[in-house]
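Asks: okay, sequence plus prediction incoming.
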Amino acid sequence: MGPITFTVVGVLAALLVVVLMKLFEKPKAPPPQPVEDLANLKPQDARVGDVISISGAGDNMTDLDFTSDRVYWFQAGSRRWFDLTGPYHERRVAMRVELGEDVGVAVASEPRKLTLEDLGLSEDDMAQIDERQNTADSFEFDSRIWLYVLSREAQVTRHDQPQPVGFYCWEFREQDGNGIIMVRKESNEPFAVARYQAIPAGDVTIYRRS
Amino acid sequence: MAFLSDIFSRLGRVARGQANAGVDVIEDATFESTVRQTVADMKTELNNVVRASAVAMSNYNRLDAEYQKYVRQSQDWKDRAGIALDAGKEDLAKQALAKKAECDRQVQSMKTSVEQAQATSEKLKSQVAELKRKIDEGERTATTLVARKNAAAAQRKVAEAMAGVGNADNAFAALNRFEETVSKEEATAKAFDQLASTGKDDDLEKQFAELGGHSVDAELAALKAERAGTQRPEPPYIPRELPGPSASISTGEQAGEKAKA
């Protein structure tokens, strides 16, 4: 074996040592970055721009899919909730999310716009109900009994209008059912009625574009 | 050349072996983070699908809203045409029907697109749900794998410790070595003790000592007689019975009884 061969073998051996050292170096694997879990967004995570899909809540038992374009934040004492609304089949629908320990979700998809008269109530009735503050008070509407829950001052803030607006609200719950009726009265505005249906939070899927 | 070829072949084999071992070590050391990164990659992919679905669904919602608007307008113009006819205004009814036809054309042209968009939207929704289910399953599997890997590593450590094949400072191995040393020293001490006591019999020695004691007495008596010069010295006392050779292995009690006799 000549000197050239020795040199080649030596160089190769040195290279082998370097390769082995590199291999046995403990790699410092960076911890994986937390990935935003867009597939598991909850109703309380929803925001303007999201596509909301509510299983079986649409017309003819189809999914109620709408792109949310407005959000209203409500506060009545310690209670907080928001309505995320968007167009659906030529009308406006809303997903109401009550925040707190138990997140409550309800959807308003009534095709017709309800009025106080539709409920069979008058302004005087509303005033008396408010005065009594009696949870045994009820009225009948759409062949269902609706029980008084509360009436109090509240305020609402629209996402693109930072100034909150005060109003007075009444809330009724369907006896032995999932229905909710919310009546609002802003000063110099007529009574506004919204009917919601409480749904399981698991029925809601949020699709976020970015 | 054959020699060099052989050397290179062996070096190559060694390098491959070491490389494989090195990759194993790296995989072993980073197992948990690798598994978690795999799940994170899957979630990133799912996020991309969710975003794409959201865009497609949003487009469908917009298209559907437009479509529904034309459907409603078509119905409105039809209603107006009817009202005009009822009022005897045929021209107005014609204009309304023309408007209705315009809306109907829009509806017709959009119908296919809306149906396609709806089908795409529904398909994407089911694909997202399916992918989400698979990723949830993958995440559960990953968690189980990491737990199993950790349990296996712990079991291996315990087994190594129990077998004493662990590293040099293994506590169990050290204790075993200490125990061996102490046993060795105990055995040595015992051996020396045995050596020291070999051929020694206390009973026999005592009897011979006693025998020796009797001879001195006899000699003393003989000396006294000699001094007195009156009579011949008495013969020395000889015990009537000497213990036999077997007495050296008799029990202490037997020896005592004989001594009394």
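Replies: In hand now; what should we look at?

Asks: determine the longest helix present in the chain.
Replies: No chain specified, so I'll use chain A. For chain A, the longest helix by residue count, based on DSSP state H, is helix A:3-24.

Asks: wait, chain B
Replies: helix B:90-163.

Asks: same for that one, what does it pack against?
Replies: Packing contacts for helix B:90-163, counted by 3 or more Cβ pairs under 8 Å, 6 or more residues apart in numbering or on different chains; DSSP states H and E, involve strand A:204-207, helix B:31-86, helix B:171-197. Backbone N, C-alpha and C define where each C-beta goes, glycine included.

Asks: chain center to it, what's the gap?
Replies: Per Cα atoms, centre = their mean, to the nearest Å, the displacement of helix B:90-163 from the mean C-alpha position of its chain is 39 Å.

Asks: what's the angle between that helix and helix B:171-197?
Replies: 10 degrees (axes from the mean of the first three to the mean of the last three Cα atoms, to 10 degrees).

Asks: how about B:Ala19: what's its closest non-neighbour residue?
Replies: Distances taken as Cβ to Cβ, 6 or more residues apart in numbering or on different chains put A:Leu23 closest to B:Ala19, at 6.2 Å, once the chain neighbours are dropped.

Asks: got a list of what the one you found touches?
Replies: For A:Leu23, the contact set (Cβ atoms under 8 Å, 6 or more residues apart in numbering or on different chains) comprises B:18-19, B:22-23, B:25-26.

Asks: for the residue in the stretch 101-250 of chain B that chain A sits nearest to, grab the count of nearby residues.
Replies: Residue nearest to chain A within the stretch 101-250 of chain B: B:Lys132 (4.7 Å; Cβ to the nearest Cβ). The number of residues packed near B:Lys132 is 18, by other Cβ atoms under 10 Å in any protein chain shown.

Asks: who touches A:Ile181 in this structure?
Replies: The contact partners of A:Ile181, taken as Cβ under 8 Å, 6+ apart, are A:119, A:141, A:146, A:171-174, A:193-196.

Asks: so, low pLDDT: which residues of chain A?
Replies: Within chain A, the stretches with pLDDT under 70 are A:1, A:26-35.

Asks: 80 instead, please
Replies: Under the criterion pLDDT under 80, the flagged ranges of chain A are A:1-3, A:24-36, A:210.

Asks: now, which of the contacts of A:Ile181 lie within strands?
Replies: Those of the contacts of A:Ile181 mapping onto strands are A:141, A:146, A:171-174, A:193-196, per DSSP state E.

Asks: just the buried residues from those, in PyMOL please.
Replies: With 16 or more other Cβ atoms under 10 Å in any protein chain shown as the criterion, this PyMOL line picks the buried residues out of those:
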select buried, chain A and resi 141+146+171+172+173+174+193+194+195+196
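
Asks: count the neighbours of the residue nearest to A:Ile206 when sequence neighbours are not counted for me.
Replies: Leaving out its chain neighbours, the residue that sits closest to A:Ile206 by Cβ to Cβ, 6+ apart is A:Leu41, at 3.8 Å. A:Leu41 has 18 neighbours, counted by other Cβ under 10 Å.

Asks: quick one, phi/psi of A:Leu41?
Replies: The phi/psi pair for A:Leu41 (degrees, to the nearest 10) reads phi -70, psi 140.

Asks: wait, it sits on A:Arg208?
Replies: Yes: in this structure, A:Leu41 is within contact of A:Arg208 by Cβ atoms under 8 Å, at 6.3 Å.

Asks: what is in contact with these two at once?
Replies: Common contacts of A:Leu41 and A:Arg208 (Cβ under 8 Å, 6+ apart): A:Asp50.

Asks: so what's the residue of the stretch 51-200 of chain B found nearest chain A closest to, chain neighbours aside?
Replies: Chain A sits closest to B:Ala54 of the stretch 51-200 of chain B, with a gap of 3.6 Å, by Cβ to the nearest Cβ. With Cβ to Cβ, 6+ apart as the criterion, B:Ala54 has its nearest non-adjacent residue at 3.6 Å, and that residue is A:Tyr207.

Asks: pretty sure the one you found contacts A:Ile54?
Replies: No: between A:Tyr207 and A:Ile54 there is no contact under Cβ under 8 Å: 11.9 Å.

Asks: look at the two and report which has more neighbours.
Replies: Taking other Cβ under 10 Å, A:Tyr207 and A:Ile54 do not tie; A:Tyr207 has more neighbours (28 against 22).
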